[in-house]
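J.: Kindly generate the corresponding structure for this input.
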Amino acid sequence: MEAKSSQDEYNQVKQDLQQLRDDLAKLTKVVSEDQKGNISSLRDEIRRESREVFNQAKQKGTETLNRAKDAGDKAVQDVEHKIEERPFLSIIIMFLVGVLVGKLLDREK
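T.: Coordinates of the predicted model:
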């Protein structure tokens, strides 16, 4: 009877070990799938935040470009207005600037 009892215990231990292996395999699979889900979620979050940062940078760049364009347009209008107010003085100033640039270019040769 003792031999049968030892054999039963051996079979029970064998079954317990197999059950433990199966449980460990299931646990490993669940942890692996969970990690894949976490990585996928993290990747999606990074993409979403990257798009948001890109859109903010694009918006700020557009706003800055518009401000620079407006400032340039205002400067051109101011110059046009000054020329309209004093056309003769503007022509003389442009002539003198041309002479000065010519002299500077002659020195370099």
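J.: contacts, neighbours, all on C-alpha from now
T.: Will do.
J.: who's in contact with Ala57?
T.: For Ala57, no residue meets the contact criterion (CA atoms under 8 Å, 6 or more residues apart in numbering).
J.: likewise Leu17?
T.: By CA under 8 Å, 6+ apart, the contact list for Leu17 is empty.
J.: what's the pLDDT at it?
T.: For Leu17, the model assigns a pLDDT of 89.
J.: Restricting to C-alpha, output stretch 11-30 in PDB.
T.: Only the C-alpha atoms of stretch 11-30 are listed here, as PDB (Å, rounded to 0.1, in the frame of the first residue of the first chain):
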ATOM      1  CA  ASN A  11       1.900  11.500  -9.800                       C
ATOM      2  CA  GLN A  12       0.300  14.300  -7.800                       C
ATOM      3  CA  VAL A  13       3.700  16.200  -7.600                       C
ATOM      4  CA  LYS A  14       4.000  15.600 -11.400                       C
ATOM      5  CA  GLN A  15       0.600  17.000 -12.000                       C
ATOM      6  CA  ASP A  16       1.300  19.900  -9.700                       C
ATOM      7  CA  LEU A  17       4.500  20.700 -11.600                       C
ATOM      8  CA  GLN A  18       2.700  20.500 -14.900                       C
ATOM      9  CA  GLN A  19      -0.100  22.800 -13.600                       C
ATOM     10  CA  LEU A  20       2.700  25.200 -12.400                       C
ATOM     11  CA  ARG A  21       4.300  25.200 -15.800                       C
ATOM     12  CA  ASP A  22       0.900  25.900 -17.500                       C
ATOM     13  CA  ASP A  23       0.200  28.700 -15.000                       C
ATOM     14  CA  LEU A  24       3.600  30.200 -15.600                       C
ATOM     15  CA  ALA A  25       3.100  30.000 -19.400                       C
ATOM     16  CA  LYS A  26      -0.200  31.800 -19.000                       C
ATOM     17  CA  LEU A  27       1.300  34.400 -16.700                       C
ATOM     18  CA  THR A  28       4.100  35.000 -19.100                       C
ATOM     19  CA  LYS A  29       1.700  35.400 -22.000                       C
ATOM     20  CA  VAL A  30      -0.500  37.800 -20.100                       C
END
